[in-house]
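Chemist: structure for this input, please:
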Amino acid sequence: MVEFAVWMLAGAAALALMGLGWLALAMEVHWEQVHGQTGPKARTRTLLRLLGSMLLVASLLLCLGADHPSMAVLVWVMLLAGGAVLIAMTLSWRPHSLRLLWPKPA
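Modeler: Presented below is the predicted three-dimensional model:
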C-alpha cells in the first residue's frame, strides 16, 4: 500500500508541474519566450488555463488519496511551490524546452 501512495504522489507532482507549465504558457510573455511568436489565440489561452487548472485540481485529488487531508494539503502546497520554481527556472534558462507541453502551432 505504501508503494501505491508513492506512485500517487509522483503522479501528483507530474500533474502539478504540467498544470503550472500550461498556466505559464497561457501568458503572452511566456508564450513568446517559448514559441518565439506573439501570444496564443484567445481560444488557445482559454484552453491552456482550463487544462492547467484541471491538472492542479487532479494533483490535489491524488494527494488527498495518498494521505490524510491535513498532510495532503501541505504536500500539495509544497508541490505547487516547487513546481512554480522549476517552471520559473526553465523559463529563465531554457524556455524552448517547454515546447514539450504545447507544441508550436503551424
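
Chemist: what mean pLDDT does stretch 85-103 have?
Modeler: When pLDDT is averaged along stretch 85-103, the result is 94.

Chemist: also stretch 31-44?
Modeler: Stretch 31-44 comes out with an average pLDDT of 90.

Chemist: in it, what's buried?
Modeler: Residues of stretch 31-44 classed as buried: 31, 33, 34, 35, 39, 40 (neighbour count, 16 or more other Cβ atoms under 10 Å). Using the backbone N, CA and C atoms, a C-beta is placed for each residue, glycine as well.

Chemist: where along this structure do the helices fall?
Modeler: When secondary structure is read from DSSP state H, the chain shows helices at 2-25, 28-35, 42-66, 69-93.

Chemist: can I get those in TSV including distance to residue 103?
Modeler: Listed next are the helices of the chain as TSV, based on distance: least, Cβ to Cβ, whole Å:
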stretch	distance to residue 103
helix 2-25	11
helix 28-35	9
helix 42-66	12
helix 69-93	16
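
Chemist: and the buried residues of stretch 31-44, which is closest to residue 51?
Modeler: residue 40 (12.4 Å; Cβ to Cβ).

Chemist: ok so, going back, mind checking which of the helices of the chain is nearest residue 104?
Modeler: Evaluated with Cβ to Cβ, those place helix 28-35 nearest to residue 104, the distance being 4.9 Å.

Chemist: who does the closest one touch, helix- and strand-wise?
Modeler: Of the remaining helices and strands, those touching helix 28-35 by 3 or more Cβ pairs under 8 Å, 6 or more residues apart in numbering; DSSP states H and E are helix 2-25, helix 69-93.

Chemist: got a list of contacts for that helix?
Modeler: The set of residues external to helix 28-35 that reach it, using Cβ atoms under 8 Å, 6 or more residues apart in numbering, is 24-25, 37-40, 91, 95-96, 98-99, 102, 104-105.
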